[in-house]
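Colleague: Whatever this is, show me its structure:
(one chain, ligands or ions: 1)
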Amino acid sequence: MALQIDLSALKANYRALAGKAPGARSAAVVKADGYGLGAGLVARALAEEGATDFFVALASEARALREALGQGPRIFVLSGHMAGADLGDAIPVLNSPEQYFRDRAIRPGRGFAIQLDTGMNRLGFEPGEWAALKAEILAAGPELVMSHLACADEPEHPMNRRQLAAFRAMTEGVTVPLSFAATGGILLGPEYHFDITRPGVGLYGGMPFADARPVLRLSLPVIQVREVAPGETVGYSNTWAAERPTRVATLAAGYADGLHRTLSSDGQRPRIDLFAGDIRCPILGRVSMDLITADVSALADVPDELDLICPQQPVDAVAEAMGTIGYEVLTGLGRRYPRQTV
Ligand SMILES: *Cc1c(COP(=O)(O)O)cnc(C)c1O
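Modeller: Next up is the predicted model:
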């Protein structure tokens, strides 16, 4: 069982997204352990490609990333300065007056950034809070001022322009670098780019970056193969029964590895396939904690491993079958798969 990470594809995606915003510098978002791929691994590769700014969610992630990257690159913490946080040399993205005053009291003179809420109502200074403190905060010299789009994966959504107008209004006269666009925002066009872009999912081959090169291959080892006769059932609760002689493989991965139980077949009807090259092997029966079963009748020889995530079935296809988005599939990939680079 292995998760293969194609670092040249990761680097190509970074270059491609940077190339779409030529007036901006491209940071890299590596929160949630580099979207499940391994933050140190992907960040080192992206640093080789020229990335000097990295974003994580938590101070603990920043400390681990500093170990992996060494001195030099800036590491921003999106949750800002939470009470008791050990930020080390990371740069907190301060999200509220409370965080700002806490940070200045504890870390006077140290680097910080500011997040503004332009309508998403998740993190950031409200317009009124910002208006009251803007002059004082700018005088303290933030490293950047940023906001985040709620609907950037829907280019026609009116929220995009509303947030852009709000960001422009709140940053009028601000001369420090501005950052607004994640993957979706980069694809919205130059008005959204400002000085520093913050791609995450597109680096890892996920939507909405449709032109991304696939970065991941998830191969699952075959433990056992058996012939199942018509009328026999497979797996928990007998949800799948053979209608014809069927060769069934049992593979070593399950919902404990992030392969949701929603990938179970819908009775007789498979929801998703494993792949042996281009040949489809439908998953049948229930996904168990550590095991899944697939119909390998189409294979003359059953290989040692079958692929779940591969160019024939990218991460967003798996996400659709799970009823979720590529982000959740990536960040849910279990720790039992060794990460291998190719
Ligand atoms: C996660 C995140 C990003 C990266 O978003 P993608 O859609 O994965 O590119 C950028 N900025 C903020 C504030 C985020 O939370």
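Colleague: Spatially nearest residue to whichever residue of the chain sits closest to the ligand (excluding sequence neighbours)?
Modeller: The ligand sits closest to residue 200 of the chain, with a gap of 2.5 Å, by C-beta to the nearest ligand atom. No exception for glycine: its C-beta is placed from N, CA and C like everyone else's. Leaving aside its sequence neighbours, residue 200 sits nearest to residue 29 (C-beta to C-beta, 6 or more residues apart in numbering; 3.4 Å).
Colleague: same check, this time on residue 267
Modeller: Per C-beta to C-beta, 6+ apart, closest to residue 267 is residue 239, 6.0 Å.
Colleague: Run a quick neighbour tally on residue 96.
Modeller: Residue 96: 17 surrounding residues under other C-beta atoms under 10 Å.
Colleague: who's in contact with the nearest residue to it once chain neighbours are set aside?
Modeller: By the measure of C-beta to C-beta, 6+ apart, the closest residue to residue 96 outside its immediate chain neighbours is residue 125, 6.4 Å from it. Shown in contact with residue 125 (C-beta atoms under 8 Å, 6 or more residues apart in numbering): 95-97, 114-117, 133.
Colleague: do the same with residue 245
Modeller: So residue 245 contacts 227-230, 297 (C-beta under 8 Å, 6+ apart).
Colleague: and these, which are buried?
Modeller: 228, 297 (16 or more other C-beta atoms under 10 Å).
Colleague: Let me have the contacts of residue 245 in TSV, extended by secondary structure, pLDDT and distance to the ligand.
Modeller: Formatted as TSV, these follow (DSSP: H, G, I helix; E, B strand; the rest coil; pLDDT from 0 to 100; distance: C-beta to the nearest ligand atom, whole Å):
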residue	secondary structure	pLDDT	distance to the ligand
227	strand	98	45
228	strand	98	42
229	coil	98	48
230	coil	98	47
297	coil	98	39
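Colleague: Ramachandran angles for the residue nearest to residue 96?
Modeller: phi -70, psi 130 (degrees, to the nearest 10).
Colleague: Can you tell me how far it is from residue 286?
Modeller: Distance of residue 125 to residue 286, given as C-beta to C-beta, to the nearest Å: 48 Å.
Colleague: Equivalent analysis for residue 143, please.
Modeller: From residue 143 over to residue 286 (counting by C-beta to C-beta), the distance is 50 Å.
Colleague: quick check, residue 336 in a helix?
Modeller: No - assigned with DSSP: H, G, I helix; E, B strand; the rest coil, residue 336 falls outside any helix and is coil.
Colleague: Hmm, it is touching residue 257, no?
Modeller: Yes - if you go by C-beta atoms under 8 Å, residue 336 and residue 257 touch, sitting 5.6 Å apart.
Colleague: Neighbour count: the two, which is higher?
Modeller: residue 257 (22 against 14).
Colleague: count of residues packed around the residue nearest to residue 267?
Modeller: 16.
Colleague: Just list the residues touching it, thanks.
Modeller: Contacts of residue 239 (C-beta under 8 Å, 6+ apart): 233, 264-265, 267, 285-286.
Colleague: Go again with 7 Å.
Modeller: 264-265, 267, 285-286 (C-beta atoms under 7 Å, 6 or more residues apart in numbering).
Colleague: residue ranges with poor pLDDT in this structure?
Modeller: 1 (pLDDT under 70).
Colleague: Would you mind listing what in it touches the ligand?
Modeller: Within reach of the ligand by C-beta under 6 Å from any ligand atom, the chain has these residues: 29, 31, 78, 148, 182-184, 198-202.
Colleague: In strands only, show me these.
Modeller: Among these, the members found in strands (DSSP state E) are residue 29.
Colleague: Most neighbours of all the contacts of residue 125, which one?
Modeller: Busiest of those [other C-beta under 10 Å] is residue 114, holding 29 neighbours.
Colleague: any chance you could map the strands in the stretch 101-250 of the chain?
Modeller: Under the criterion DSSP state E, counting those that start in this stretch, the stretch 101-250 of the chain carries strands at the ranges 113-115, 145-146, 178-179, 196-197, 216-228, 233-234, 240-241, 246-251.
Colleague: Of these, flag the one that's most buried.
Modeller: Mean neighbours per residue, mean count of other C-beta atoms under 10 Å, is largest over the strands of the stretch 101-250 of the chain for strand 145-146, with a mean of 28.
Colleague: So what's the gap between it and the chain middle?
Modeller: Put simply, strand 145-146 sits 21 Å off its chain's centre (C-alpha atoms, centre = their mean, to the nearest Å).
Colleague: just stretch 163-181 next, same as before
Modeller: 25 Å.
Colleague: now do the same end-to-end measure for it.
Modeller: Length of stretch 163-181, first residue to last, C-alpha to C-alpha, to the nearest Å: 11 Å.
Colleague: Contacts for that stretch next, please.
Modeller: Here stretch 163-181 has contacts from 116, 118-119, 127, 130, 138, 142, 144-147, 149-150, 191-198, using C-beta under 7 Å, 6+ apart.
Colleague: and these, which are buried?
Modeller: Here, 16+ other C-beta under 10 Å leaves 116, 118-119, 130, 142, 144-147, 149-150, 192-198 buried among those.
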